[in-house]
Structures are given as C-alpha cells and as structure tokens.
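Visitor: quick one, what's the 3D model for this:
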Amino acid sequence: MLRISAMHHPACICVFFSATLWFAPMMTRAQPRKSTMPRVRVLDSHKHRALNGQTLQLTFTNMSGGVVSNGLVVEGRTGKGGVATFEIAQPTPPRFSIFVWYAVPCFRTADFATKQVLDSGVVANWTSFGIPKLDKLCAAEPNAVHPSQSPGEVEIYVHPQNRFVWAWEDTWR
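Guide: Sure thing, here's the model as predicted:
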C-alpha cells in the first residue's frame, strides 16, 4: 500500500493549493447585478386612456446626447394599464429617449434625465407644435383626465396609427 504524506511530498501541497485556486472562482456564486426599473406609460392623446400593446424603444445616451458605448437600446411592449417596465443594469446611463412604434408622438421628443425619472417621475406634456394637422391629432378632449407624476415613471401621449398609415406619413414627413 502506497501512502503519500504531505510532509514527505511538498509538491502535493502545491498541487492541491493550485487546484483550489483554479476551481474556487467557479464554485462561488456570481453576485447579482443591481438594476433599475424605469416605467413608461403610454396614453392616447385625445382621451388620455392607456394604450396596451404599443411597442417602445428606449435609447440611452450620455450627458451630451451621444449614444452610450455598445449602443444600449431596449425594446418593450406596453401591457395592462399602458405600462412598459424596463430592467436596466447598473450603472444606469444618465439620459434616455423614447420612440413609440406606429404612433405620432404628442410630446417633445427630447431625452429624459434618468435620475429625475427615477426620483420624481416625468409627465411629457403636449404643447402646440404650430402645425395644424399635428395639433389636431394631438389635442386633448376638454374632459380628459390629466395624470400626475409618479416616481420611476414617464408618461407620454401619442396618437396611435396602424402601420400602413404610419409608414405612409413617415415617408412624407
């Protein structure tokens, strides 16, 4: 019977220690990355009712408006209540813009400060664009309920269109 003792063979200690260092990172659990969860609520521009099933795209930018490296673009779809929730890993880029597919945006398409959205929320109010057709599409009815800000949420107004009308108008804009 062959018996190897660590005292007699210091190479055994070295091999065991090396193997422990090699496999230790594989055996530890990866720490979950923290994330933020901004929400976007999409409302009809006329009656301010929630629009379900709208496809959104968030594009994150740096403070000067340049696209963040690796082009962080996130897509989502509104569910019940017209809300789409996006999970963004930390560190969160400082600004983002919102694009709604197959809809006319009835808000200034500027970007939003991520910190302001997460801390207090933003309601992207509609103001007259000075273009009669667009102003007619985006004008709210007098009895439309005006929502209030809520932390972590951006509320935007759009005039929904089917994809054929949207593509036709987008071509001639």
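Visitor: all strands for the protein, in order.
Guide: Assigned strands in the chain, in chain order: 35-36, 39-44, 55-61, 73-77, 83-85, 88-89, 95-100, 103-105, 112-113, 122-123, 153-160 (criterion: DSSP state E).
Visitor: could you dump these to JSON lines with distance to A139, mean neighbour count and mean pLDDT?
Guide: The C-beta positions use only the backbone N, C-alpha and C, and glycine is treated the same way. Converted to JSON lines, the strands of the chain look like this (distance: least, C-beta to C-beta, whole Å; neighbours: other C-beta atoms under 10 Å; pLDDT from 0 to 100):
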{"stretch": "strand 35-36", "distance to A139": "34", "mean neighbour count": "14", "mean pLDDT": "72"}
{"stretch": "strand 39-44", "distance to A139": "12", "mean neighbour count": "22", "mean pLDDT": "92"}
{"stretch": "strand 55-61", "distance to A139": "23", "mean neighbour count": "18", "mean pLDDT": "89"}
{"stretch": "strand 73-77", "distance to A139": "27", "mean neighbour count": "14", "mean pLDDT": "91"}
{"stretch": "strand 83-85", "distance to A139": "24", "mean neighbour count": "18", "mean pLDDT": "94"}
{"stretch": "strand 88-89", "distance to A139": "33", "mean neighbour count": "14", "mean pLDDT": "82"}
{"stretch": "strand 95-100", "distance to A139": "18", "mean neighbour count": "20", "mean pLDDT": "89"}
{"stretch": "strand 103-105", "distance to A139": "12", "mean neighbour count": "20", "mean pLDDT": "87"}
{"stretch": "strand 112-113", "distance to A139": "23", "mean neighbour count": "16", "mean pLDDT": "88"}
{"stretch": "strand 122-123", "distance to A139": "17", "mean neighbour count": "18", "mean pLDDT": "90"}
{"stretch": "strand 153-160", "distance to A139": "10", "mean neighbour count": "22", "mean pLDDT": "91"}
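Visitor: turn the ones you listed into CSV, including distance to K136.
Guide: Output for the strands of the chain, formatted as CSV (distance: least, C-beta to C-beta, whole Å):
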stretch, distance to K136
strand 35-36, 37
strand 39-44, 14
strand 55-61, 24
strand 73-77, 28
strand 83-85, 27
strand 88-89, 36
strand 95-100, 19
strand 103-105, 11
strand 112-113, 26
strand 122-123, 22
strand 153-160, 9
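Visitor: how about these, which one is nearest A167?
Guide: Shortest separation from A167 across the strands of the chain is recorded for strand 103-105, at 12.3 Å, computed as C-beta to C-beta.
Visitor: what packs against that closest one?
Guide: Other helices and strands packing on strand 103-105, by 3 or more C-beta pairs under 8 Å, 6 or more residues apart in numbering; DSSP states H and E, are helix 132-138, strand 153-160, helix 163-172.
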